[in-house]
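Engineer: coordinates only, no sequence provided:
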């Protein structure tokens, strides 16, 4: 399994990508992680990134479009092979993904805001016959049959570019189009830091540990020392272990 993510070259993403790489190093599969950057100018605090083999400089498509467009670029340039999981940089690998039999595999949502999910459903379709899929933030493209799916996903990103929650809206629309053409499955691949005793592959700190830790408060500093003090869940303890391994 390969893993792909895309970041901007700034401090906010630098501490996130250092954590992500370190978690892959813990499992000795850092060579399976591909990271797309805006350019080759790597910040001084990114020691893991500087030593990382699989760095790809991608074109700037703007905002959220960079994730799927840069993945398509990498696949069509034979830089990344299937199967590949499209992930977010604000994640920590807890357990490598297993092999899948289906074409497209989506993680199950960790969103707890029901109002947000209802807004997404309304944007996808006003037809109540559509069953709402509680998709999360990881998508696995398991084989070359999914290339058309990825291209359609990018088109829906463009159609939905002015809407909030663009990533999930575009993915849901694409899933509905391809639901009868590809085998699609939802898997519990991600959990939040405050989840305890949940088996999963990634810890996604999208929602942080409120009120003490919210990732957007750390655009110019890193939260490592703060995160090391958290131990109320097994996921927080795991993140602390990853931070202890970081070399500065």
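Structural biologist: Alright, I've got the coordinates. Model, not experiment: these values are computed from the prediction.

Engineer: check which residues of stretch 23-31 are buried.
Structural biologist: 23-26, 29-30 (16 or more other CB atoms under 10 Å). C-beta here means a position set from N, CA and C on the backbone, and glycine is covered the same way.

Engineer: and which of the residues you listed is nearest residue 213?
Structural biologist: Nearest to residue 213, judged by CB to CB, of these is residue 23 at 17.3 Å.

Engineer: remind me what whichever strand or helix holds the closest one packs against, helices and strands.
Structural biologist: Per DSSP states H and E, residue 23 falls inside helix 11-26. On a contact count with 3 or more CB pairs under 8 Å, 6 or more residues apart in numbering; DSSP states H and E, helix 11-26 meets strand 2-6, strand 33-37, helix 47-50, strand 91-93, helix 234-245.

Engineer: closest one to residue 216 among those?
Structural biologist: strand 91-93 (15.7 Å).

Engineer: that closest one: which residues count as buried?
Structural biologist: 91-93.

Engineer: strands paired with the strand ranked longest in the chain, and their directions?
Structural biologist: For the chain, the strand that runs over the most residues, judged by DSSP state E, is strand 135-141. The strands beside strand 135-141 in its sheet (DSSP bridges) come out as strand 84-86 (antiparallel), strand 104-108 (antiparallel).

Engineer: for these, which one sits closest to residue 9?
Structural biologist: Of those, nearest to residue 9 by CB to CB is strand 84-86, at 19.7 Å.

Engineer: mean confidence score for the closest one?
Structural biologist: What strand 84-86 shows for mean pLDDT is 98.

Engineer: same deal with stretch 63-73?
Structural biologist: On average, the pLDDT along stretch 63-73 is 94.

Engineer: for stretch 218-230, same thing?
Structural biologist: 96.

Engineer: now do the end-to-end distance for it.
Structural biologist: End-to-end distance for stretch 218-230, by CA to CA, to the nearest Å: 17 Å.

Engineer: ok, residues contacting it?
Structural biologist: Under the contact criterion CB atoms under 8 Å, 6 or more residues apart in numbering, stretch 218-230 has outside partners 10-12, 15, 45, 193, 209, 212-213, 215, 217, 236-237, 239-240, 243-244, 246.

Engineer: right, and the strands paired with strand 135-141 - which one's nearest residue 65?
Structural biologist: Closest to residue 65 of these, according to CB to CB: strand 84-86, at 12.8 Å.

Engineer: pLDDT weak spots in the protein?
Structural biologist: 112-132, 160-164, 247-248 (pLDDT under 70).

Engineer: returning to what we had before: any chance of the helices and strands packed on helix 11-26 in TSV, plus distance to residue 202?
Structural biologist: TSV is the format used below for the helices and strands packed on helix 11-26 (distance: least, CB to CB, whole Å):
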stretch	distance to residue 202
strand 2-6	10
strand 33-37	12
helix 47-50	17
strand 91-93	5
helix 234-245	10
